[in-house]
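**Q** what follows is a predicted structure for the sequence shown.
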Amino acid sequence: KQVQTMQRLSSRFFFLAFVALSVSLVAGVEKALPHFVESVSGTQFPLEIAGESETLDLAGAAIRVKKILFVHVQVYAVGLYVSLPKVAAAVGKTDVSGANPKLFEDLVANDIPMALRLVMLRTVGGDQMSSALGEALQPRITAIQTDEEEGKSALKQFEAQFDSELSTGSELLFEWREGNVLHTTIAGEWKGAVQSSSLARALFSVFLDADAVVERASIVTRLPLLLSPPAQSA
């Protein structure tokens with residue numbers, strides 16, 4: 001009986017040790033997953049995310065800073081994800097560095113599947129975020145959309161998606177999918193989709209046009225590396 005008891009204890013010990021080792025290995029793999037670090041805030045961005053029908057690659061990341069009572073406050077970090085094959089087809093041999101204004105025009109003009117991943121660096125009310133984005137979107141939609149009522153309707157639907165507080169660390173994902181449909185996910189919860197070319201273009205223009213709210217060169221900093229032809233072996 002004593003031998004059987006010792007065998008059971010030994011088996012239990014090795015089982016628990018195996019479980020602990022497995023958990024440790026999984027955690028180690030997760031920590032080792034490749035990511036990109038936004039240099040100012042230290043926010044980590046995965047190098048790839050799953051798009052609607054293909055993988056989207058991180059083009060770069062930047063930080064949104066806002067001046068509040070004479071103090072510059074970090075609001076969120078943002079990463080831009082793109083379909084590399086479709087970007088390559090759209091830009092051709094165009095210089096894909098952040099120094100080329102045409103690159104940003106091509107990204108917004110060619111219906112390329114893209115996504116914006118925002119990570120909040122401070123807590124912001126949903127109404128505040130809705131208002132801030134609406135303020136940036138309104139003139140851009142007006143410049144794009146010929147049907148004023150349609151533009152207003154799309155913006156109203158989008159603003160209604162921000163129905164709760166965005167705490168520090170919350171993630172927002174905006175996906176520009178085929179058919180000019182803008183999908184919104186906040187803190188892991190899908191908030192809805194708005195089919196509007198003007199809304200999708202305007203939202204991405206907020207981060208990519210000449211009056212972008214972030215340093216737009218930073219949001220495409222990885223594109224030259226990602227689109228450069230592979231080195232040929234001798």
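**A** Right, received. Where do you want to start?
**Q** which stretches of the chain have low pLDDT?
**A** Residues of the chain meeting the criterion pLDDT under 70: 1-33, 229-234.
**Q** now the strands for it?
**A** 35-37, 44-46, 48-50, 55-68, 71-82, 114-120, 171-177, 181-186, 189-195 (DSSP state E).
**Q** the last one: partners in the sheet, and parallel or antiparallel?
**A** Translated: strand 189-195. strand 181-186 (antiparallel) (DSSP bridges).
**Q** then the third one?
**A** In its sheet, strand 48-50 lies beside strand 55-68 (antiparallel), with partners assigned from DSSP bridges.
**Q** ok so, going back, could I get the strands of the chain as CSV with distance to residue 212 and mean neighbour count?
**A** Bear in mind the C-beta positions are built from the backbone N, C-alpha and C, glycine included. Shown next, in CSV, are the strands of the chain (distance: least, C-beta to C-beta, whole Å; neighbours: other C-beta atoms under 10 Å):
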stretch, distance to residue 212, mean neighbour count
strand 35-37, 19, 14
strand 44-46, 18, 16
strand 48-50, 21, 13
strand 55-68, 8, 19
strand 71-82, 10, 20
strand 114-120, 12, 22
strand 171-177, 15, 20
strand 181-186, 18, 19
strand 189-195, 21, 15
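**Q** nearest to residue 154, of these?
**A** Nearest to residue 154, of all those, is strand 189-195, at 5.3 Å by C-beta to C-beta.
**Q** let's have the strands of the chain in CSV, adding distance to residue 225.
**A** Output for the strands of the chain, formatted as CSV (distance: least, C-beta to C-beta, whole Å):
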stretch, distance to residue 225
strand 35-37, 11
strand 44-46, 15
strand 48-50, 14
strand 55-68, 10
strand 71-82, 13
strand 114-120, 18
strand 171-177, 23
strand 181-186, 28
strand 189-195, 32
